[in-house]
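S.K.: please find the sequence and the predicted model below.
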Amino acid sequence: MVSLDLLLNALAAGLLLGGFYAAVSLGISMAFGLLDIVNIAHPVFVILGSYAAYIMNARFGFDPILTGVLFTPVFYVLGVVLYRIYYASFERKGAESLRGLVFFFGVLFIVEVSLLLAFGVDYRMVEARYIGESIHIGPVGLAYRLLVPFVVGVMLTGALYWFLARTFYGRAVQAVAQDAFALRLMGANPFKVKSIAFGLAIATAALAGALLIMIGPVEPALNREYIGRVFAVAVLGGMGSISGTLVAALLLGVAESLTATFSGPSWSVAVSFAVLLLALAVRPAGLFGR
Amino acid sequence: MMWTWTRSRTCAVLAVIAALVFGAWPASAQEPIKIGFGMALTGGLAAGGKSCVIAMQLWADDVNKKGGLLGRKVQLVYYDDQTKGATVPGIYSKLLDVDKVHFVVSGYGTNLIAPAMPIVMERKLVFPALFGLANNEKHNYPGYFQIMPAGPRPALDWTNTFLEVAIRQTPKAQTIAIVGADAEYPHNAIAGMRENVKKAGLKVVYDSFYPPTTVDFTPIARAIKALNPDIVFVASYPPDTAGMVLAAHEVGLRPKLFGGGMVGLQFAALLTKLGPKLNGIVNYDFWVPEPTLKFPGIDEFLKRYQAQAAKEGVDPLGHYLPPWAYSYVQVLGQAIEGTKSLDQQKVAEYIRSKEHDTIVGKVKFGGNGEWAQSRVLQVQFQGIDSGDIAQFHKPGKRVVLWPEKFKSGNIIYPYEKALK
Amino acid sequence: MSGRAFAVAAVVVIAGGLLVAGLGLNQYYYFAAYVVLQYVVLATAWNILGGYTGYVNFGTPAFFALGAYTAVVLIKWLKAPLLAQLVAGAVVAGLLGLAIGYLTLRLRGVFFSIATLALTVVLQTMFVNWEYTGGARGISLARPATAPFYGSYVQFVFAVMVILAVLAVATAWCIERSWIGRGFAAIRDNEEAAECMGVPTLRLKLLATTVSGMLMGLAGAPFPFYITFVEPASVFDLNYAVNSLAMPMIGGTTTWVGPVIGAVLLGSAQQIATVTISSELNLLLVGVILVAFVILAPEGIVGLVRRLSRRDPA
């Protein structure tokens, strides 16, 4: 029953989904791969971003993307503050990353419950004219609800890539990943560099959250469903490689979409995790690891 | 929690007033009749669970305003089951052994009712239950009473209503696609649907489950569209309901009949956000504000519920669960009054043998504790032009097609016609 | 604690547990204690791998669920008694443990953790799709009308859990006291160095993952008879992963006492919160306690006590 039409559409839908996965995973990839901070709470910040988009949409009719952009500075500050706490409590003392992991588990619970207390458990959605509409290019139909996240996700990836490769601080972030001591010799402060990088990682969650609530309804506990997925993407992408993250996210999206279309959707999520397990067993450094 | 405290204080004030008015001092001095339950106040079903507690508290207030049951006040004792079955045995033994409640009722949902059954059966208690699908199928326990009107053969009767609508239309549908989430309710519903479809002689062209964590539903909708079925039956939970409805519009899925078993289209959250995209969908429901379903007390109940709901951030409409949460304790209360007794067996016998007047209409239980006759409604979304919540308070937007007795309008068929 | 003292303590706890089970108290207390004891087993099991060798396992739900589902299959297929369910549950979960042990060949640190998380998802999907054990709908199981030795089944599973908890703690104690424990510590501190020194790291890691998996399976095996209803979402609950990791962290990961203290404290706190606070605040409590502990008492309660007692004599 494999018709070309269906195949093309499945591929397109998978790519769009992948673009969104990239947006959600970039923050993890940066924090985890470049800064060695296992921020398992990242998805809950994405949900926080979704709620920001929801409030601004419900109160003032803002487009979710606009809110996402507006809130990136707020999330940036949040990230910097969180990094300072993390630094003072763990990194400075040279404590093992396991404690940091448990710390972020705690943060996850606290943010999730705060959202529950503030907004209740009901599902929230946003309104925008293009939600539910799609554009047709030849035989391929693209839903705006997924096309917009794809475009924003790719742009976000590009922006981060540019930042890391072309700017002074970006290069410093890459340097800190390899040798913090050498960086210090060059006159840059690793603490400052890392807090900028972590701030940016959390800032991406503001946009990713806006994309998430555009795609479907959101409730506070939804973050847990993304923990596995985003780590899968970050690891597959080679930890800290921005372009690798995008490619891995696209691969995962296409794999899910193809299984959902052709072999029955029941296995689509398991397939992506099986891919991850296989990749870990064969090439633990990920597809694009150093 | 703040609100429980203030509410218990208002209760106390009301109790004093009632006592003064009725001059019932000795009665109020007596120990209250305690009704215990676990309810999902956190976790996956918390949105429903919280709205149920509001409704049940309203019932307790109503009863106490009238002087209580058998001259004694009614008190609800409840704990958060966290939507986790593992907490349920502990909660019910705490209620029974430590809090010494007089009666227990179930929490909300099949998976939270099941773990309570062994305790209830061991102690031979009467057990009014709230929205569990086929919980008593295996046990056949005589003290179990399910308020959800799925009918005597829950899994079959539930979905059969959708086909009852389908077979009455022309041009006649030949093929069906069945799709649902990999979770408890959709699996139950679809198992029933498969049998019904066989009996109806329809050809199944697509039959598949998707994981509840699915993000993008367009590949599924497209795969179904490629097979061009006459009917698309969906059994889903709220997030995937939204996903399927949006995806159907995006890929242009246009079967003759679309819907059936989607949870979430009964709540304001999805109704207001999906708005006009709902037009034409035929879906199950239990109560909608149509003139054929205006039972005594329901409007007044909803008004009071809606005032509370706004404060607590739960479903502001309250059409789906709350009236039933009110009714299942209402039935219990009537049985206590009717038998003038707190004896489990007598109360169970009363509930079993009588027909009960509740705010959801007349309730009669059959042999296995399910409704003697199914009252699952199939409604069609019609004439929705915006996401404004006010329209859903009024009749005409969710027209009852089935059963005949409560029919309030005609179907727009095929589905495509309703989209214009 | 000397070997003899530990053995005496273990016997006393078991005897006490069996006695308490026979008292026929309020059933509620048995249910509540069962849950706490189950966490003692899970936390101890997690710590044998996570605390001793430093491999953080996010897959506790996978092992717990495998134990529970093995029991379900045995009940449905053979109507097997609880003892058989326990043995089978431990063996099957132990095999899965052995399998993830081989993963450690290639995966270190967080990569290993993520692999265990992925494993959990794959396994859950399998059980969701396996109709024999009820699939996504779950399965209702009738437990035997009469329980061996005790008046009710609740008392019986409580007594069983007491024995399992002691068994788990004794296992951890034995490991800690033997060359195996020192080998584990060497792996935790520096795996390459340990390998160079001639520590058989692979065999030790396989031992750790297998024993840890077996104990988690043991904790899960009585679950079907405890609750009489099993469905994938409830046994593959992420909370088992969080709790089995948080409890040793709160108690202290380097000794066998740590997980026990953590499980008893956090487990009881959650039980009490369930019937008192009954709201989101319950979850908030876990989050705040976790954060407070990792920041203020990084070595857990055991480390805190040690630090204080060292300061005391002065």
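M.R.: Arrived safely.
S.K.: tell me how far residue B:85 lies from chain C.
M.R.: Plainly put, residue B:85 is 5 Å away from chain C if you go by Cβ to the nearest Cβ, to the nearest Å. To be clear about C-beta, it is placed using only N, CA and C from the backbone, and glycine gets the same treatment.
S.K.: can you check residue B:290 too?
M.R.: Counting by Cβ to the nearest Cβ, the gap from residue B:290 to chain C is 32 Å.
S.K.: which parts of the stretch 151-300 of chain B sit against chain A?
M.R.: B:182, B:208-211, B:213-216, B:218-220, B:222-223, B:226, B:238-239, B:242-243, B:246-247, B:249-252, B:264, B:267, B:269-270, B:273, B:277 (Cβ under 8 Å from any Cβ of the partner chain).
S.K.: among these, which lie within helices?
M.R.: B:218-220, B:222-223, B:226, B:238-239, B:242-243, B:246-247, B:249-251, B:269-270, B:273 (DSSP state H).
S.K.: just the helices in the stretch 201-314 of chain C please.
M.R.: C:201-220, C:223-227, C:232-235, C:238-251, C:257-276, C:280-296, C:300-311 (DSSP state H, counting those that start in this stretch).
S.K.: which one of the ones you listed has the poorest average confidence?
M.R.: Among the helices of the stretch 201-314 of chain C, helix C:280-296 has the lowest mean pLDDT, at a mean of 80.
S.K.: list the buried residues for that helix?
M.R.: Neighbour counts using 16 or more other Cβ atoms under 10 Å in any protein chain shown place C:280-287, C:289-291, C:293-295 of helix C:280-296 among the buried residues.
S.K.: likewise stretch A:129-137?
M.R.: Residues A:131-132, A:134 are the ones in stretch A:129-137 that count as buried (16+ other Cβ under 10 Å).
S.K.: pLDDT of that stretch, averaged?
M.R.: 86.
S.K.: going through the residues of the stretch 151-300 of chain B next to chain A, which ones are buried?
M.R.: Applying 16+ other Cβ under 10 Å to these flags B:182, B:208-211, B:213-216, B:218-220, B:222-223, B:226, B:238-239, B:242-243, B:246-247, B:249-251, B:264, B:267, B:269-270, B:273, B:277 as buried.
S.K.: quick check: which element contains the residue of the stretch 51-200 of chain C found nearest chain A?
M.R.: Here the residue of the stretch 51-200 of chain C nearest chain A is residue C:125; by Cβ to the nearest Cβ that distance is 3.7 Å. Following DSSP states H and E, one finds residue C:125 within helix C:109-128.
S.K.: run the chain-centre distance for the helix or strand that that helix is followed by.
M.R.: Once the chain leaves helix C:109-128, the next helix or strand it forms, by DSSP H and E, is strand C:139-140. How far strand C:139-140 lies from its chain's middle: 24 Å, per Cα atoms, centre = their mean, to the nearest Å.
S.K.: ok, strand C:139-140: who's next to it in the sheet?
M.R.: strand C:229-230 (antiparallel) (DSSP bridges).
S.K.: who's in contact with the residue in the stretch 151-290 of chain A that chain C sits nearest to?
M.R.: Residue of the stretch 151-290 of chain A nearest chain C, by Cβ to the nearest Cβ: residue A:270 (3.7 Å). If a contact means Cβ atoms under 8 Å, 6 or more residues apart in numbering or on different chains, then residue A:270 has B:211, C:121-122, C:125-126 as its contacts.
S.K.: for it, report the pLDDT, please.
M.R.: 72.
S.K.: which strand or helix spans it?
M.R.: Counting by DSSP H and E, residue A:270 is found in helix A:268-282.
S.K.: same question, residue A:127
M.R.: Judged by DSSP H and E, residue A:127 forms part of no helix or strand.
S.K.: go on, residue A:228?
M.R.: helix A:223-236.
S.K.: can you pull the pLDDT of residue A:279?
M.R.: pLDDT, read off for residue A:279, is 75.
S.K.: sorry, wrong one. I was asking about residue C:279.
M.R.: 64.
S.K.: and residue C:43, by the same measure?
M.R.: So residue C:43 comes in at 97 (pLDDT).
S.K.: likewise residue C:116?
M.R.: Reading off the model, residue C:116 has pLDDT 89.
S.K.: burial measure for it, as a count.
M.R.: Burial measure for residue C:116: 24 neighbouring residues, criterion other Cβ atoms under 10 Å in any protein chain shown.
S.K.: residue C:197 contacts residue C:186, doesn't it?
M.R.: Yes: between residue C:197 and residue C:186 there is a contact under Cβ atoms under 8 Å: 7.1 Å.
S.K.: tell me which of the two has more neighbours.
M.R.: Shown here are residue C:197 and residue C:186; by other Cβ under 10 Å, residue C:186 has more neighbours (18 against 11).
S.K.: show me what the helix holding residue A:228 is in contact with.
M.R.: A:21-22, A:24-25, A:28-29, A:32-33, A:40, A:42-44, A:46-47, A:108, A:112, A:244-245, A:248-249, A:251-252, A:272-273, A:275-276, A:279-280, A:286-287, B:213, C:111, C:114, C:117-118, C:121, C:238.
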